[in-house]
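Trainee: here is my input; please provide its structure:
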Amino acid sequence: MAFSLVDDSALDQSLQDATNQTDMKQGKNRCTSMYDTQLHNLGYISSEDEEEVEPLLSTSCPNLTATGRSSSPSNLEESEALHCPLAAATSSSNVVQDSVHHAMSYVEESMQTAKESLQNAFESVDRFAHKVWDGRWRVVSHFQLPDWQRDNEFLHHWHRPPMPSFRACFGSVFRLHSETGNIWTHLIGFIMFIGICIYFQCLPGKYFVIEWQEKTVFTMFFLGAILCLCFSTLFHTVGCHSERVYRIFGKLDYSGIALMIMGSFVPWIYYSFYCDTEPKIIYMTSVCVLGVLCIVISQWDKFSTARFRRVRAVLFAALGLSGIVPCIHTIIRMGFMQAVNYGQVGWLSLMAFLYLFGAFLYAQRIPEKYFPGKCDLWFQSHQIFHILVVLAAVVHFHGISNLQHYRFQFGDQCVITQQ
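Mentor: I've put the predicted structure just below:
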């Protein structure tokens, strides 16, 4: 009886073990079948890639082995996969997480690549700036210039390229290029008139009838000449920096021309109508108003373009020719000979001729128009115009100095008679 009981227990234990092994194998086959089905449905593996599922299956269902896998999975419900922790929802969530992870990695790599490209661009600009900074630039032809730098197509070569460095621009003053002559013609005039102004202001009061008035009207002339020559020098020096700098200093250059014309008329009108207060005020006011109007017009952006070269010349020539009215008035009032000898109309006429002749050459681009490519460095119309402007200012200073000298001789006498 005891033997029978022992045999029954052993038999029951064996049957239980066999049952457990059978359930585990069936659960493994069911889980494997469901896993393959979900991956096939999601489109992540094909039938040829089934062997690659084994590592993933081993990770997801570690209690199962690859042996005994069913090649023809049964059509079972998800609830029957009792021994596998992997479900359809869990599989889909893992795949989505992997996709998001790959997307984030791609975004990070793209951002890193963009940062590296931007850094390389900055380094390239920095290297270029240092090259320009050190003066290692070369002259270029007219056709290599950007549109905003193309002003005279008859000057073929020896142009400075755009240089985004003020140090390089000022360093170009001592190098040879198409603007060298334009810079130095007015730079020398600028220094010369500063010296003349200082000398005149240091003259003692015994050489003047009314010192403060006479020095004031002469200061107006000096101020106009110095600003004109200074602005012109700066424009031709830094005009190659950038388009924005070119436009700003171009406007200053044109404003300086108007200031010089206005300042030139003030002392001449002051001495020519010394005792006639009403016409003196009218003429001075008219010239100043016309000069301010020219300055306002010159602030127009298109005014500095090559298309409006002749318009610029005509505008400033008209401002200068406005002095014809007070000149004729002086001749009528004093007589022709008195106006020439004491009114300095002769020197005034010479000054006007130099200004107008220079403006004509500038507008017509003579002589480079008849000798294209031969005046790239020297004897171009702009250089000649600059020289004539400086000469005209010197002539005008000589004329108004004579007026001041004659006024000092006659004192407060209002009627000038030939001696």
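Trainee: ok, residue 138 to residue 204 distance?
Mentor: Noted for residue 138: a distance of 54 Å to residue 204, by C-beta to C-beta, to the nearest Å. (C-beta placed from N, C-alpha, C; glycine too.)
Trainee: how about stretch 212-220: buried residues?
Mentor: For stretch 212-220, a neighbour-count test (16 or more other C-beta atoms under 10 Å) marks 214-215, 217-220 as buried.
Trainee: please apply the same query to stretch 315-326.
Mentor: Buried-residue list, stretch 315-326, by 16+ other C-beta under 10 Å: 315-317, 319-320, 322-323, 326.
Trainee: from those residues, which is closest to residue 256?
Mentor: The closest of the buried residues of stretch 315-326 to residue 256 turns out to be residue 316 (C-beta to C-beta; 10.7 Å).
Trainee: give the contact list for the closest residue in space to the closest one that isn't next to it in sequence.
Mentor: Spatial nearest neighbour of residue 316, excluding adjacent residues (C-beta to C-beta, 6 or more residues apart in numbering): residue 257 at 5.4 Å. The neighbourhood of residue 257, defined by C-beta atoms under 8 Å, 6 or more residues apart in numbering, consists of 228, 294, 316.
Trainee: my reading is that residue 257 is in a helix; is that accurate?
Mentor: Yes: with DSSP: H, G, I helix; E, B strand; the rest coil as the criterion, residue 257 is located in a helix.
Trainee: give me the local confidence score for it.
Mentor: Confidence at residue 257, expressed as pLDDT, is 93.
Trainee: likewise for residue 123?
Mentor: If you check residue 123, the pLDDT there is 68.
Trainee: again, but for residue 103
Mentor: 76.
Trainee: same question, residue 316
Mentor: Reported pLDDT for residue 316: 88.
Trainee: go ahead and confirm it touches residue 256.
Mentor: No: between residue 316 and residue 256 there is no contact under C-beta atoms under 8 Å: 10.7 Å.
Trainee: can I get the helix or strand containing residue 359 in PDB, CA atoms only?
Mentor: With elements taken from DSSP states H and E, the one containing residue 359 is helix 345-364. Taking Å, rounded to 0.1, in the frame of the first residue of the first chain, the C-alpha atoms of helix 345-364 are listed here in PDB:
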ATOM      1  CA  VAL A 345      35.400 141.200 -60.800                       C
ATOM      2  CA  GLY A 346      38.300 140.000 -62.900                       C
ATOM      3  CA  TRP A 347      39.500 137.600 -60.300                       C
ATOM      4  CA  LEU A 348      35.900 136.500 -59.600                       C
ATOM      5  CA  SER A 349      35.400 135.800 -63.300                       C
ATOM      6  CA  LEU A 350      38.600 133.800 -63.400                       C
ATOM      7  CA  MET A 351      37.400 131.700 -60.400                       C
ATOM      8  CA  ALA A 352      34.100 131.100 -62.100                       C
ATOM      9  CA  PHE A 353      35.800 130.000 -65.300                       C
ATOM     10  CA  LEU A 354      38.000 127.500 -63.500                       C
ATOM     11  CA  TYR A 355      35.000 126.000 -61.700                       C
ATOM     12  CA  LEU A 356      32.900 125.800 -64.800                       C
ATOM     13  CA  PHE A 357      35.600 124.400 -67.000                       C
ATOM     14  CA  GLY A 358      36.400 121.700 -64.400                       C
ATOM     15  CA  ALA A 359      32.700 120.800 -64.100                       C
ATOM     16  CA  PHE A 360      32.500 120.600 -67.900                       C
ATOM     17  CA  LEU A 361      35.500 118.200 -68.100                       C
ATOM     18  CA  TYR A 362      34.000 116.100 -65.200                       C
ATOM     19  CA  ALA A 363      30.600 115.800 -66.800                       C
ATOM     20  CA  GLN A 364      32.000 115.000 -70.300                       C
END
